[in-house]
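[1] Predicted model follows, preceded by the sequence.
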Amino acid sequence: MTLALDSSTVGAPARTLTVGPGDADWITGLARRLAPVAAGRIDTPEWVAAARDAWCDLPAGLRRGLRAFRRDSGPSGALLVRGLPVDEPALPDTPTGRGSVQHTATVPAAVLLTVAAGLGDPAAFRPEKSGALVQDVVPVPGQEEFQGNAGSVLLSFHTENAFHPHRPDFVMLLCLRADHEGVAGLRTACVRQALPLLSEAGRTALRSKEFVTAAPPSFGTVAGASTPHAVLTGAPDDPDVRVDFAATRATTPRAARALDELNELFDLTAQTVRLTPGDLAIVDNRVTVHGRTPFRPRYDGRDRWLQRSFVLTDLRRSRGLRARDGYVLD
(Lines give C-alpha, C1' and ligand atoms only; values in the text may rest on other atoms or scores of the structure.)
Protein backbone atom coordinates (compact mmCIF):
# COMPACT_ATOMS: atom_id res chain seq x y z
CA MET A 1 0.00 0.00 0.00
CA THR A 2 1.38 3.43 -0.95
CA LEU A 3 0.61 6.89 0.36
CA ALA A 4 1.20 9.89 -1.88
CA LEU A 5 0.85 13.50 -0.76
CA ASP A 6 1.40 16.70 -2.68
CA SER A 7 2.18 19.25 0.02
CA SER A 8 1.95 22.41 -2.08
CA THR A 9 -0.33 25.06 -0.64
CA VAL A 10 -2.39 25.84 -3.74
CA GLY A 11 -3.91 23.37 -6.15
CA ALA A 12 -2.89 20.33 -4.11
CA PRO A 13 -4.61 17.12 -5.23
CA ALA A 14 -6.19 14.70 -2.81
CA ARG A 15 -3.97 12.30 -0.96
CA THR A 16 -4.12 8.84 -2.50
CA LEU A 17 -4.05 5.43 -0.85
CA THR A 18 -3.91 2.37 -3.11
CA VAL A 19 -5.18 -0.98 -1.87
CA GLY A 20 -3.43 -3.94 -3.48
CA PRO A 21 -5.28 -7.01 -4.81
CA GLY A 22 -4.33 -9.16 -1.82
CA ASP A 23 -5.60 -6.60 0.66
CA ALA A 24 -8.76 -6.15 -1.41
CA ASP A 25 -9.44 -9.87 -1.18
CA TRP A 26 -8.93 -9.73 2.58
CA ILE A 27 -11.39 -6.82 2.87
CA THR A 28 -13.94 -8.72 0.77
CA GLY A 29 -13.73 -11.67 3.17
CA LEU A 30 -14.08 -9.35 6.14
CA ALA A 31 -17.15 -7.69 4.62
CA ARG A 32 -18.77 -11.05 3.95
CA ARG A 33 -18.15 -12.18 7.52
CA LEU A 34 -20.09 -9.13 8.66
CA ALA A 35 -23.06 -9.95 6.43
CA PRO A 36 -25.04 -12.20 8.83
CA VAL A 37 -24.70 -9.94 11.88
CA ALA A 38 -28.12 -8.67 13.05
CA ALA A 39 -29.68 -10.47 10.09
CA GLY A 40 -27.68 -8.19 7.80
CA ARG A 41 -29.48 -5.02 8.94
CA ILE A 42 -26.71 -2.42 8.74
CA ASP A 43 -28.65 0.39 10.45
CA THR A 44 -28.88 -1.49 13.75
CA PRO A 45 -26.55 -0.72 16.69
CA GLU A 46 -25.48 -4.38 16.71
CA TRP A 47 -24.30 -4.27 13.12
CA VAL A 48 -22.46 -0.97 13.57
CA ALA A 49 -20.74 -2.37 16.66
CA ALA A 50 -19.57 -5.35 14.60
CA ALA A 51 -18.25 -2.98 11.91
CA ARG A 52 -16.37 -1.06 14.60
CA ASP A 53 -14.70 -4.28 15.72
CA ALA A 54 -13.97 -5.20 12.10
CA TRP A 55 -12.04 -1.93 11.67
CA CYS A 56 -9.23 -3.52 13.69
CA ASP A 57 -8.99 -6.31 11.11
CA LEU A 58 -8.56 -4.02 8.09
CA PRO A 59 -5.07 -4.07 6.53
CA ALA A 60 -2.65 -2.11 8.69
CA GLY A 61 -1.54 0.18 5.86
CA LEU A 62 -5.11 1.23 5.17
CA ARG A 63 -5.83 1.89 8.83
CA ARG A 64 -2.61 3.85 9.19
CA GLY A 65 -3.39 6.08 6.21
CA LEU A 66 -6.97 6.70 7.29
CA ARG A 67 -5.97 7.61 10.83
CA ALA A 68 -3.27 9.97 9.55
CA PHE A 69 -5.88 11.68 7.38
CA ARG A 70 -8.28 11.93 10.34
CA ARG A 71 -5.62 13.79 12.33
CA ASP A 72 -4.51 16.04 9.47
CA SER A 73 -6.41 16.14 6.19
CA GLY A 74 -3.68 18.24 4.56
CA PRO A 75 -3.86 21.09 2.06
CA SER A 76 -6.56 19.41 -0.05
CA GLY A 77 -8.80 18.19 2.78
CA ALA A 78 -9.56 15.10 0.71
CA LEU A 79 -8.41 11.50 0.52
CA LEU A 80 -8.85 9.04 -2.36
CA VAL A 81 -8.65 5.34 -1.53
CA ARG A 82 -8.36 3.22 -4.68
CA GLY A 83 -8.81 -0.50 -5.21
CA LEU A 84 -11.46 -1.26 -2.60
CA PRO A 85 -13.81 -4.18 -3.31
CA VAL A 86 -17.39 -3.41 -4.38
CA ASP A 87 -18.34 -6.90 -5.62
CA GLU A 88 -19.03 -5.64 -9.16
CA PRO A 89 -20.33 -8.95 -10.57
CA ALA A 90 -23.04 -9.06 -7.90
CA LEU A 91 -24.25 -5.47 -8.36
CA PRO A 92 -27.87 -5.08 -9.44
CA ASP A 93 -29.06 -2.36 -11.79
CA THR A 94 -28.35 1.18 -10.66
CA PRO A 95 -31.35 2.36 -8.60
CA THR A 96 -33.52 5.08 -10.12
CA GLY A 97 -35.98 5.84 -7.34
CA ARG A 98 -35.97 9.00 -5.24
CA GLY A 99 -34.54 8.52 -1.77
CA SER A 100 -32.78 5.26 -2.64
CA VAL A 101 -30.80 3.79 0.28
CA GLN A 102 -29.18 0.55 1.38
CA HIS A 103 -30.27 -1.36 4.47
CA THR A 104 -28.54 -4.67 3.71
CA ALA A 105 -24.97 -5.78 4.41
CA THR A 106 -23.56 -5.89 0.89
CA VAL A 107 -19.80 -5.77 0.36
CA PRO A 108 -19.70 -2.04 -0.52
CA ALA A 109 -22.02 -1.09 2.35
CA ALA A 110 -19.87 -3.08 4.76
CA VAL A 111 -16.71 -1.40 3.45
CA LEU A 112 -18.23 2.07 3.90
CA LEU A 113 -19.43 1.54 7.45
CA THR A 114 -16.29 -0.25 8.60
CA VAL A 115 -14.18 2.70 7.43
CA ALA A 116 -16.70 5.13 8.96
CA ALA A 117 -16.47 3.35 12.31
CA GLY A 118 -12.70 3.82 12.27
CA LEU A 119 -12.72 7.49 11.31
CA GLY A 120 -15.32 8.25 13.97
CA ASP A 121 -18.94 7.13 14.06
CA PRO A 122 -21.35 6.75 11.14
CA ALA A 123 -24.29 9.14 11.30
CA ALA A 124 -27.34 10.19 9.30
CA PHE A 125 -30.19 12.70 9.45
CA ARG A 126 -33.74 11.40 9.73
CA PRO A 127 -35.33 13.98 7.37
CA GLU A 128 -32.85 13.00 4.63
CA LYS A 129 -33.37 9.60 3.02
CA SER A 130 -35.14 8.32 6.16
CA GLY A 131 -31.93 8.41 8.17
CA ALA A 132 -30.25 5.47 6.41
CA LEU A 133 -26.55 5.12 7.19
CA VAL A 134 -25.70 4.12 3.60
CA GLN A 135 -27.34 6.21 0.88
CA ASP A 136 -27.35 5.88 -2.89
CA VAL A 137 -26.13 8.80 -4.98
CA VAL A 138 -27.73 8.12 -8.34
CA PRO A 139 -29.41 10.13 -11.11
CA VAL A 140 -33.19 10.05 -10.88
CA PRO A 141 -35.46 10.52 -13.92
CA GLY A 142 -37.09 13.93 -13.87
CA GLN A 143 -34.58 15.29 -11.33
CA GLU A 144 -31.84 16.26 -13.77
CA GLU A 145 -31.81 19.93 -12.68
CA PHE A 146 -31.91 19.06 -8.98
CA GLN A 147 -29.17 20.66 -6.86
CA GLY A 148 -28.52 17.50 -4.90
CA ASN A 149 -27.51 13.88 -5.16
CA ALA A 150 -30.39 12.94 -7.49
CA GLY A 151 -29.42 15.46 -10.18
CA SER A 152 -27.03 15.29 -13.11
CA VAL A 153 -26.36 18.98 -13.85
CA LEU A 154 -23.39 20.86 -12.41
CA LEU A 155 -23.63 20.58 -8.62
CA SER A 156 -22.35 23.74 -6.95
CA PHE A 157 -19.77 23.72 -4.20
CA HIS A 158 -21.14 23.11 -0.73
CA THR A 159 -20.37 22.06 2.79
CA GLU A 160 -22.53 18.99 3.39
CA ASN A 161 -25.63 20.01 5.38
CA ALA A 162 -24.22 23.50 5.91
CA PHE A 163 -27.45 24.67 7.57
CA HIS A 164 -27.17 22.13 10.40
CA PRO A 165 -25.36 22.70 13.73
CA HIS A 166 -24.05 19.11 13.65
CA ARG A 167 -22.71 18.83 10.13
CA PRO A 168 -20.75 15.70 9.17
CA ASP A 169 -17.03 15.90 9.84
CA PHE A 170 -16.32 13.60 6.91
CA VAL A 171 -18.33 12.76 3.79
CA MET A 172 -17.55 9.40 2.21
CA LEU A 173 -18.40 8.55 -1.41
CA LEU A 174 -17.72 5.04 -2.69
CA CYS A 175 -17.98 4.45 -6.44
CA LEU A 176 -19.79 1.27 -7.47
CA ARG A 177 -20.32 2.24 -11.10
CA ALA A 178 -19.03 5.16 -13.19
CA ASP A 179 -21.17 7.09 -15.67
CA HIS A 180 -21.24 5.81 -19.26
CA GLU A 181 -18.92 8.45 -20.73
CA GLY A 182 -16.65 8.68 -17.70
CA VAL A 183 -17.07 12.45 -17.50
CA ALA A 184 -18.76 12.88 -14.11
CA GLY A 185 -16.17 14.33 -11.76
CA LEU A 186 -16.12 14.93 -8.03
CA ARG A 187 -14.94 18.50 -7.51
CA THR A 188 -13.31 19.54 -4.23
CA ALA A 189 -11.89 22.84 -3.05
CA CYS A 190 -10.20 23.42 0.29
CA VAL A 191 -10.30 26.66 2.25
CA ARG A 192 -6.63 26.07 3.12
CA GLN A 193 -5.78 26.71 -0.53
CA ALA A 194 -8.18 29.62 -1.01
CA LEU A 195 -7.33 31.46 2.22
CA PRO A 196 -3.95 32.92 1.12
CA LEU A 197 -5.71 34.42 -1.92
CA LEU A 198 -8.59 36.03 -0.03
CA SER A 199 -8.59 39.79 0.41
CA GLU A 200 -8.53 41.19 3.95
CA ALA A 201 -11.99 42.64 3.39
CA GLY A 202 -13.21 39.24 2.28
CA ARG A 203 -11.75 37.50 5.32
CA THR A 204 -13.34 40.02 7.67
CA ALA A 205 -16.77 39.72 6.08
CA LEU A 206 -16.66 35.93 5.94
CA ARG A 207 -15.91 35.82 9.68
CA SER A 208 -19.01 37.90 10.47
CA LYS A 209 -22.43 36.42 11.18
CA GLU A 210 -23.91 37.86 8.02
CA PHE A 211 -25.01 34.68 6.27
CA VAL A 212 -27.99 32.34 6.48
CA THR A 213 -28.22 28.90 4.89
CA ALA A 214 -31.34 27.00 3.89
CA ALA A 215 -31.66 23.25 4.24
CA PRO A 216 -30.93 21.33 1.02
CA PRO A 217 -33.86 20.06 -1.05
CA SER A 218 -33.10 16.49 0.07
CA PHE A 219 -34.43 17.42 3.53
CA GLY A 220 -37.81 18.36 2.10
CA THR A 221 -39.77 21.01 3.99
CA VAL A 222 -39.01 19.65 7.47
CA ALA A 223 -35.91 21.73 8.19
CA GLY A 224 -35.76 25.51 8.11
CA ALA A 225 -32.94 27.94 7.46
CA SER A 226 -30.03 28.34 9.85
CA THR A 227 -29.64 31.20 12.27
CA PRO A 228 -27.18 33.87 11.03
CA HIS A 229 -23.68 32.43 10.92
CA ALA A 230 -20.17 33.13 9.71
CA VAL A 231 -18.71 31.30 6.73
CA LEU A 232 -15.23 31.11 8.30
CA THR A 233 -14.73 30.21 11.96
CA GLY A 234 -11.93 29.00 14.19
CA ALA A 235 -8.19 29.59 13.85
CA PRO A 236 -7.40 32.58 11.63
CA ASP A 237 -4.65 30.65 9.84
CA ASP A 238 -6.64 27.40 9.47
CA PRO A 239 -10.38 28.14 9.64
CA ASP A 240 -13.36 25.87 9.22
CA VAL A 241 -15.70 26.71 6.33
CA ARG A 242 -19.50 26.58 6.31
CA VAL A 243 -21.17 27.44 3.01
CA ASP A 244 -23.50 26.13 0.33
CA PHE A 245 -23.38 28.30 -2.77
CA ALA A 246 -26.85 27.11 -3.78
CA ALA A 247 -28.37 27.75 -0.35
CA THR A 248 -26.27 30.32 1.57
CA ARG A 249 -27.50 33.92 1.37
CA ALA A 250 -25.54 37.02 2.37
CA THR A 251 -27.46 39.54 4.47
CA THR A 252 -25.23 42.56 3.75
CA PRO A 253 -23.59 43.94 0.59
CA ARG A 254 -20.08 43.30 1.91
CA ALA A 255 -21.01 39.71 2.74
CA ALA A 256 -22.34 39.23 -0.78
CA ARG A 257 -19.07 40.49 -2.26
CA ALA A 258 -17.06 38.21 0.01
CA LEU A 259 -19.22 35.21 -0.90
CA ASP A 260 -18.64 35.87 -4.61
CA GLU A 261 -14.91 36.21 -4.01
CA LEU A 262 -14.76 32.90 -2.13
CA ASN A 263 -16.72 31.12 -4.83
CA GLU A 264 -14.32 32.38 -7.49
CA LEU A 265 -11.31 31.26 -5.46
CA PHE A 266 -12.78 27.81 -4.93
CA ASP A 267 -13.23 27.54 -8.69
CA LEU A 268 -9.63 28.65 -9.18
CA THR A 269 -8.13 26.14 -6.73
CA ALA A 270 -10.54 23.23 -7.29
CA GLN A 271 -9.50 19.69 -8.09
CA THR A 272 -11.60 17.21 -10.07
CA VAL A 273 -11.37 13.42 -9.86
CA ARG A 274 -13.39 10.98 -11.95
CA LEU A 275 -14.20 8.09 -9.67
CA THR A 276 -14.07 4.53 -10.96
CA PRO A 277 -15.43 1.39 -9.26
CA GLY A 278 -13.59 0.73 -6.02
CA ASP A 279 -12.62 4.38 -5.46
CA LEU A 280 -13.56 5.85 -2.08
CA ALA A 281 -13.38 9.64 -1.79
CA ILE A 282 -13.32 11.03 1.75
CA VAL A 283 -13.91 14.77 2.11
CA ASP A 284 -13.04 16.68 5.28
CA ASN A 285 -16.32 18.56 5.50
CA ARG A 286 -14.90 21.04 8.00
CA VAL A 287 -12.42 22.61 5.56
CA THR A 288 -13.36 21.34 2.09
CA VAL A 289 -16.40 21.93 -0.09
CA HIS A 290 -17.40 19.54 -2.83
CA GLY A 291 -19.57 19.42 -5.94
CA ARG A 292 -19.89 17.50 -9.21
CA THR A 293 -19.43 18.13 -12.90
CA PRO A 294 -22.45 17.48 -15.15
CA PHE A 295 -23.07 14.17 -16.91
CA ARG A 296 -25.79 12.59 -19.01
CA PRO A 297 -27.63 9.60 -17.49
CA ARG A 298 -29.28 6.99 -19.69
CA TYR A 299 -31.50 5.32 -17.08
CA ASP A 300 -30.61 1.92 -18.50
CA GLY A 301 -29.53 0.24 -15.28
CA ARG A 302 -25.84 1.08 -15.77
CA ASP A 303 -25.75 4.73 -14.74
CA ARG A 304 -23.33 6.26 -12.25
CA TRP A 305 -23.80 4.83 -8.76
CA LEU A 306 -22.07 6.06 -5.63
CA GLN A 307 -22.86 5.11 -2.07
CA ARG A 308 -22.52 7.75 0.63
CA SER A 309 -22.02 7.74 4.38
CA PHE A 310 -21.38 10.50 6.90
CA VAL A 311 -18.97 10.46 9.83
CA LEU A 312 -19.03 12.39 13.10
CA THR A 313 -15.77 12.43 15.05
CA ASP A 314 -17.52 13.42 18.32
CA LEU A 315 -20.89 11.71 18.41
CA ARG A 316 -21.51 12.91 21.97
CA ARG A 317 -22.07 16.50 20.87
CA SER A 318 -25.29 15.56 19.07
CA ARG A 319 -26.63 13.36 21.89
CA GLY A 320 -29.72 15.51 22.40
CA LEU A 321 -30.80 14.89 18.80
CA ARG A 322 -30.30 11.12 18.74
CA ALA A 323 -32.97 8.83 20.17
CA ARG A 324 -31.65 5.98 22.36
CA ASP A 325 -28.07 7.13 21.69
CA GLY A 326 -28.33 5.81 18.13
CA TYR A 327 -26.72 7.06 14.95
CA VAL A 328 -29.58 9.07 13.43
CA LEU A 329 -30.07 12.76 14.18
CA ASP A 330 -33.68 13.96 14.31
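    Perfect, I can see it now.

[2] Flag the shaky bits of the stretch 201-330 of the chain, pLDDT-wise.
    220-224 (pLDDT under 70).

[3] Do a quick rundown of the strands in it.
    Assigned by DSSP state E, counting those that start in this stretch, the stretch 201-330 of the chain shows strands spanning 211-213, 232-233, 240-241, 248-250, 271-273, 280-284, 288-292, 305-312, 328-329.

[4] okay, these in JSON lines with distance to F170 and mean neighbour count next?
    No exception for glycine: its C-beta is placed from N, CA and C like everyone else's. JSON lines is the format used below for these (distance: least, C-beta to C-beta, whole Å; neighbours: other C-beta atoms under 10 Å):
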{"stretch": "strand 211-213", "distance to F170": "20", "mean neighbour count": "22"}
{"stretch": "strand 232-233", "distance to F170": "18", "mean neighbour count": "18"}
{"stretch": "strand 240-241", "distance to F170": "13", "mean neighbour count": "22"}
{"stretch": "strand 248-250", "distance to F170": "21", "mean neighbour count": "19"}
{"stretch": "strand 271-273", "distance to F170": "16", "mean neighbour count": "17"}
{"stretch": "strand 280-284", "distance to F170": "6", "mean neighbour count": "25"}
{"stretch": "strand 288-292", "distance to F170": "10", "mean neighbour count": "24"}
{"stretch": "strand 305-312", "distance to F170": "4", "mean neighbour count": "24"}
{"stretch": "strand 328-329", "distance to F170": "15", "mean neighbour count": "22"}
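
[5] Make JSON lines out of those strands and add distance to P13.
    JSON lines is the format used below for the strands of the stretch 201-330 of the chain (distance: least, C-beta to C-beta, whole Å):
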{"stretch": "strand 211-213", "distance to P13": "28"}
{"stretch": "strand 232-233", "distance to P13": "23"}
{"stretch": "strand 240-241", "distance to P13": "19"}
{"stretch": "strand 248-250", "distance to P13": "26"}
{"stretch": "strand 271-273", "distance to P13": "5"}
{"stretch": "strand 280-284", "distance to P13": "12"}
{"stretch": "strand 288-292", "distance to P13": "12"}
{"stretch": "strand 305-312", "distance to P13": "19"}
{"stretch": "strand 328-329", "distance to P13": "32"}
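
[6] Identify whichever of these lies nearest to A110.
    Among those, the nearest to A110 by C-beta to C-beta is strand 305-312 (10.8 Å).

[7] helices or strands next to that closest one in the packing?
    Taking 3 or more C-beta pairs under 8 Å, 6 or more residues apart in numbering; DSSP states H and E as contact, the helices and strands that strand 305-312 lies on are helix 107-119, strand 121-125, strand 134-137, strand 170-177.

[8] let's see it at 10 Å
    Strand 305-312 sits against strand 101-102, helix 107-119, strand 121-125, strand 134-137, strand 170-177, strand 280-284, with contacts defined as 3 or more C-beta pairs under 10 Å, 6 or more residues apart in numbering; DSSP states H and E.

[9] Tell me which of these lies nearest to F69.
    Ranked by C-beta to C-beta, the member of those that lies closest to F69 is strand 280-284, at 6.8 Å.

[10] That closest one to strand 170-177, inter-axis angle?
    Using axes from the mean of the first three to the mean of the last three C-alpha atoms, to 10 degrees, the direction of strand 280-284 lies 160 degrees away from that of strand 170-177.
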